[in-house]
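I'd like to go over a predicted model; first the sequence, then the structure.
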Amino acid sequence: MDNPALSKRELVKAIVHGIKQDTESYKQLKKLLHRQRELMQSRDNRGLNLHNKLQTELCDDLMLKANQRRQMLESLGFAGNASGMQSLIGKMPPASSAQVAKLWHNLLQTVKESQQVNEANGKLLVAQQEVINQLLHPHADSKHDYGCIRSL
């Protein structure tokens, strides 16, 4: 995003527009994560494979947009991270600052919610893997079952 033709005002507008888009994309991701959980719970491997491709594409797009925002922040002289975004918000006129701060807060909240759903999905996946391992290797834990050593 090193386009010298973009003015500072245009860069700020692009950042704000990107925040709005990313908030909607993260809302979509959260829905996809809930759907992923449903597919995992129903053990729909085929559906899960197709679903995960869509989810991966959305995540890749979100990463690309975050990188673009980082580059725009840096080209404005700010750190390319959340503290840089806070610094930019602090330099804006009060009316704009309040509005952009709210948009930024909404994005961060939506990201956090998506992370929580993703973590829950990860825990479900681990639990399912443990069940599968127990089914495939039913006697693997018997070496730790001291009750099996007892003689009658």
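Looks like it came in fine.

avg pLDDT for the longest helix along the chain?
Across the chain, the longest stretch assigned as helix under DSSP state H is helix 94-136. Mean pLDDT, computed over helix 94-136, is 92.

stretch 12-30 too?
Per-residue pLDDT values over stretch 12-30 give a mean of 98.

so for that stretch, what gets flagged as buried?
Across stretch 12-30, burial judged by 16 or more other CB atoms under 10 Å covers 12, 14-16, 18-19, 22-23, 25-26, 28-30. The way it works is simple: take the backbone N, C-alpha and C, and place the C-beta from them, glycine included.

need the residues that contact it.
Identification of contacts with stretch 12-30 by CB atoms under 8 Å, 6 or more residues apart in numbering yields 1, 6, 55, 58-59, 61-62, 65-66, 68-69, 72-73, 76, 85, 88, 92, 100, 103-104, 106-107, 110-111, 113-114, 117.

go with 7 Å
If you take CB atoms under 7 Å, 6 or more residues apart in numbering as the criterion, stretch 12-30 is touched by 58, 61-62, 65, 68-69, 72-73, 100, 103-104, 106-107, 110-111, 113-114, 117.

mind checking which of those residues are buried?
With burial judged by 16+ other CB under 10 Å, the buried subset of the contacts of stretch 12-30 is 62, 69, 72-73, 100, 103-104, 106-107, 110-111, 114, 117.

of all the residues you listed, which two lie farthest apart?
Pairwise distances across the buried ones among the contacts of stretch 12-30 (CB to CB) peak at 28.4 Å, for the pair Met72 and Val117.
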